[in-house]
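Undergrad: here's a sequence, model it:
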Amino acid sequence: MKYKNDVKKAFSATIPVLMGYLALGFGFGVLLSTEGFSALWAFFMSVTMFGGSMQYAAVDFLADAISLLEAAVMTLIINARHLFYGISLVDKYKGAGLKKIYMIHALTDETYSLVSSDHIAKGVENKQLFYFLISLFDHCYWILGCTLGAVFGTNVDFNSEGIDFVLTALFLTIFVEQWLSSKDHASAIIGVACAVSCTALFHENMLIPSMVLILIVLCVLKKVRREKYDG
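TA: Numbers count the residues shown, from 1 in each chain. Sure thing, here's the model as predicted:
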């Protein structure tokens, strides 16, 4: 295989996500099954939606039979952060061809965390293929976790209380991994500070304001560092 090394590197890079997605997807599958939906629902939802927090929210949407308009608005609010993800990946995904369509669909918080880390792609022969494989591997892990969870939940009496905490646990794991693998912690500190500040100001509506604030601060920081370097 021409890019065998890239495949190995992509799989190695996604192992932490594999562990997290199996647990997180399993939890989603269990929750979905408790509402009376079969494993087929879990499979097709994970293939077409592929959104951890959104799929968890969709369980309640399905159970409460909310309107399509309400579902659309909530989906936009929950996934609005992907607008910022997409902007920052324009250059990295440039030249990916048709693969870009799938890479956009498969972009999640965890995949973004990996793709946006420059050190992860060191030594690969084809970066676009590498990013595509990371997206594909992560998606497959999620599909497997969701489907297994639904099968388990359908056949085993299971107390699902508190199981959705795995989403928070996964985010914390990725944050720690990124912190340990990077010498520059400025972006991480800025992210935490902005999120805490916006939580204090906007409470449960903090997500979009914090993303905007993070973007502004990082742009200012980049400009300051560039001027310092040029000077």
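Undergrad: show me this structure divided up by domain.
TA: Under the assignment automatic domain parsing, the domains of the chain span 4-182, 184-231.
Undergrad: so can I have TSV of those showing mean pLDDT and mean neighbour count?
TA: For glycine as for every other residue, the C-beta is placed from the backbone atoms N, C-alpha and C. Formatted as TSV, the domains of the chain follow (pLDDT from 0 to 100; neighbours: other Cβ atoms under 10 Å):
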stretch	mean pLDDT	mean neighbour count
domain 4-182	83	17
domain 184-231	81	13
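Undergrad: how about residue 173, what does it touch?
TA: 16, 20 (Cβ atoms under 8 Å, 6 or more residues apart in numbering).
Undergrad: go with 6 Å
TA: Counting by Cβ atoms under 6 Å, 6 or more residues apart in numbering, residue 173 touches no other residue.
Undergrad: any idea which element it lies in?
TA: Residue 173 is located in helix 166-181, with elements delineated by DSSP states H and E.
Undergrad: now the element after that helix, going C-ward?
TA: helix 186-202.
Undergrad: longest helix in the chain, please.
TA: Determined from DSSP state H, the single longest helix within the chain is helix 127-155.
Undergrad: ok now that helix, how far from the chain's centre?
TA: Between the centre of helix 127-155 and the centre of its chain there are 12 Å (Cα atoms, centre = their mean, to the nearest Å).
Undergrad: check which helices and strands it is in contact with.
TA: helix 4-13, helix 15-34, helix 39-48, helix 99-105, helix 109-115 (3 or more Cβ pairs under 6 Å, 6 or more residues apart in numbering; DSSP states H and E).
Undergrad: so residue 91: helix, strand or coil?
TA: Put simply, residue 91 is coil when judged by DSSP: H, G, I helix; E, B strand; the rest coil.
Undergrad: oops, could you answer that again for residue 123 instead?
TA: Put simply, residue 123 is coil when judged by three-state DSSP.
Undergrad: what's the nearest residue to it if we skip its chain neighbours?
TA: residue 9 (7.0 Å; Cβ to Cβ, 6 or more residues apart in numbering).
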